[in-house]
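> this one's structure only:
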């Protein structure tokens, strides 16, 4: 047996070209561990800093509407309102620091090279993502009124057509299969009744 | 043999009936029934409801599913059931904290007694006065004497800031004459609320019976804050027999039961009361509850509804006192 | 040793068929998630959390542990076959496993990776079993001040998890801390940021936030990228000859595993670091360091044994102290909290059965990894050929209905979509996502314990902390953890 290579118990179709070199990856994989992408340009940073400061300012103001319990006004301001106020304040501060860094980046970038666009130059991909997200939001709206069994095949079918460019028949069959699998799992696997909508009283 | 024939007969009759009546008038229930528990999975209420669900599902003819909708001291789950379809397929394990107390604190919470139809009352959790094992006090009088001899406020755990155990404990301290104390809130009665006795943060705390089981000799329960001793822990004396009467009756316990949204068809309510009400009084259920230190006190729908009103009356002044402190 | 055997037998008795079933499902699905490029154990654990609602606590944790162990291993298959790490964890494995595959030795590489994961997992599990209770015994005397200090120490992980920009990592963590303050204040019960709606008084649903942040944003990123499937190019089997390395390279396995456990115990360092560190050590100790990077089996052993052992190590601070060491463990801690099981020293009092279940399932899972990984190898390679659009549709449906089934509230779906967009925007703007989850999980612990300490201290909070040497000592560690990266940056600039 020494040195022998034994196939596993599951037989599977041989792939046509045995020595085909593995496909190189055109772009770095997203780092799912920390979720960070590559370093973006100064415009993105500036937008992020403005968003942080805006969010911080809004929450900072909100904290003044809390009715803090009298007995708690003892711990040097760390109370039901003071703690979130501290966080909001820090957010504004760090947002400011980020803005400063974005401006610094802008100066150095201008000195070094012509401004590069932040976008990844994948217009088609962006449109596809936005379209899919719109379908998902619409689906969430229609889930309760239409019911799971009507809304899901529609949504999955459309998604498959957008993401995989599948033909209508192929997408429809796959969508129905997906719907059936999820339905059986929830209804009979964990006894959860998914929204019935129009089919209330008729669906199993 | 006869039993098999009888069973076959039943099956045939049911099948015939189903064909004759048709789906429109099929008998309740024809799909899974959900019990919403407004507390975390794994908590005592959750364990009680899951036990009931597993025991009663066969008898009901459909699976009973427990769903935890947590948050806002139970008010999120309570509101969700009020807004659910009143068809008998969604039930609520209603607790005094969200059902009565949360509404007293915030009248705009979105529900009141009229939104729910009672099935029956089920649980009554007693609260206790507990100290660390090496504490000098051995009973209620010696604890009161010790507390009043301190030149600092006594730190007392109260489970949570706006909770029934807090109101019961404060009522007890008032009745027993302890004045200089500081209430320290936790995230519920277990475990940090009791563990803080061990690390020295608290002098005394509002305990629950299961703390006896978990912490054993490390803590000492001085009194159960109820009128009568608890059947499965009858070595523990009550506060009343040690001369401190809170006078709240059943309201001095954390009570709970089962309700459906108001407007649920009477036929469905009757079926649920019959099947579930039978199972909560079987030894199979009661033994499991005793093992988990969950005291069961069954009461019928009318009696249960009367408890809602009575508790609201008794707790109202305590709530107002806390609200006043909040506004100061 | 006999004592150890008795202990194992006792632990084994705690685990029933249901738990082992959940563990197996977790392992198999976890490996598949790990094999698929771009997805990892974090996404696997995230998607599994909603389903744990319908299980008992030990089965839930068994499922999550399966995903954790399987997912950490699965990436090695992809790294070997395709030359891209299925998960970042396998990045160091890639260095030598892929050259081995190119030389026609992919079966040997994958077998080695499986063996190394197995050894690493077992050693990690054993250390977990003995270290966690000892640590908890000390920590049970910790009061609010000490708990606050510990949680603050956990929060410093945010700074070190922020690859790229510390500033953005801190902002992400702050955002998580603020998200945790939505809803009823856990300390005094007053309403905060609830927009006058009872539905928000419970705060943001953890599952909705988590699934949106990681799964939905990941799917959106995938849809946006060029869509194409992956293709495995070689037939893979089991190379039994590699079992001999267990003896001949015994010290290589052991050294890497110990490095893995040690790194795992330190919060926020994680599998990737431990794998690279063990790899570097293996090369430093090697007589022929020049073979590394060109298909050296020692490299594969070091990387895989270390990252598997780290999973065991990382559970120690979470279970004993309530500090999640890495994002996956943070998610698992959230999963335990959902079941009313609060990680920390009290776990050793209140939920001993759950705790022993965790130990037992971890060890069983580590043992099962070897037969499972080898027997189902062809299946896992085949996963690399599932059409991408099917996979995305499947992940989306699981995300939607996993989240929906938890509370059957459509509001949770809207929260999920919102955080999907937030996660997508954060990825685009270079903000790391993990600090947000750590902030969200640790936020309430930090806040409530600080305020409880303040209440106990009356007006003299500083005096209260000065009177508690342990709390003070931990806070000094917090300061050191914060100052260290700054000092290092200064030092590097000088040099």
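Here it is on my side, so go on. Note that the structure is predicted; figures quoted are calculated from it, not measured.

> in what helix or strand does the residue with the shortest distance to the centre of chain C lie?
Against the mean C-alpha coordinate of chain C, by Cα atoms, centre = their mean, the closest residue is residue C:328 at 2.6 Å. If you go by DSSP states H and E, residue C:328 is part of helix C:327-338.

> check which helices and strands the helix ranked longest in chain A is in contact with.
Longest helix in chain A, counting residues (DSSP state H): helix A:82-112. Packing partners of helix A:82-112 (3 or more Cβ pairs under 8 Å, 6 or more residues apart in numbering or on different chains; DSSP states H and E): helix A:42-62, helix C:166-179, helix C:434-457. (Each C-beta comes from the backbone N, C-alpha and C, glycine too.)

> helix C:166-179 and the helix holding residue C:328, what's the angle between them?
With axes from the mean of the first three to the mean of the last three Cα atoms, to 10 degrees applied, the angle from helix C:327-338 to helix C:166-179 works out at 10 degrees.

> run through who's touching whichever helix or strand comes after helix C:327-338.
Under the assignment DSSP H and E, the closest C-terminal helix or strand after helix C:327-338 is helix C:347-350. Outside of helix C:347-350, the residues within contact range by Cβ atoms under 8 Å, 6 or more residues apart in numbering or on different chains are B:190-191, B:195, B:214-215, C:133, C:136-137, C:140, C:319-320, C:341-342, C:354-355.

> if we use 10 Å, what do you get?
B:190-192, B:194-195, B:198, B:210-211, B:213-216, B:218, C:132-133, C:135-137, C:139-140, C:318-320, C:322, C:336, C:340-342, C:344, C:354-356, C:358 (Cβ atoms under 10 Å, 6 or more residues apart in numbering or on different chains).

> with stretch B:318-328 instead?
A:67-73, B:100-106, B:161-162, B:164, B:166-168, B:170-171, B:174, B:183, B:248, B:251, B:312, C:188-190.

> my guess is the residue nearest to the centre of chain C contacts residue C:272, does it?
No - assessed by Cβ atoms under 10 Å, residue C:328 is found out of contact with residue C:272, at 11.8 Å.

> could you give the mean pLDDT of the longest helix of chain A?
Across helix A:82-112, pLDDT averages out at 89.

> ok and that helix relative to helix A:42-62, angle-wise?
With the same axes, to 10 degrees applied, the angle from helix A:82-112 to helix A:42-62 works out at 160 degrees.

> how about the next helix or strand after helix A:82-112: buried residues?
Using DSSP H and E, the helix or strand that follows helix A:82-112 in sequence is helix A:123-146. Buried residues in helix A:123-146, defined by neighbour count with 16 or more other Cβ atoms under 10 Å in any protein chain shown: A:125, A:128, A:129, A:132, A:133, A:135, A:136, A:139, A:140, A:142, A:143, A:146.

> list the contacts of the third one.
Contacts for residue A:129 (Cβ under 10 Å, 6+ apart) come out as A:122, A:162, A:163, C:219, C:220, C:221, C:222, C:223, C:224, C:225, C:424.

> which of those are buried?
Buried subset of the contacts of residue A:129 (neighbour count, 16+ other Cβ under 10 Å): A:162, A:163, C:219, C:220, C:221, C:222, C:223, C:224, C:225, C:424.

> and the strand or helix carrying the first one, how far out from the chain middle?
Read that as residue A:162. Element membership for residue A:162, per DSSP H and E: helix A:148-164. How far helix A:148-164 lies from its chain's middle: 18 Å, per Cα atoms, centre = their mean, to the nearest Å.

> same deal with stretch B:71-87?
Relative to its chain's centre, stretch B:71-87 lies at 16 Å (Cα atoms, centre = their mean).

> need the distance between the two termini of it.
Stretch B:71-87 has an end-to-end distance of 25 Å (criterion: Cα to Cα, to the nearest Å).

> so is it next to chain A?
Yes - with Cβ under 10 Å from any Cβ of the partner chain as the measure, stretch B:71-87 is seen reaching chain A through B:85, B:87.

> going along the chain, name the strands of chain B.
Ranges of strands within chain B are B:33-37, B:64-68, B:90-95, B:116-125, B:127-132, B:154-157, B:181-184, B:204-208, B:219-224, B:254-261, B:296-299, based on DSSP state E.

> partner strands of the second one, parallel or antiparallel?
Read it as strand B:64-68. Here strand B:64-68 has these sheet partners by DSSP bridges: strand B:33-37 (parallel).
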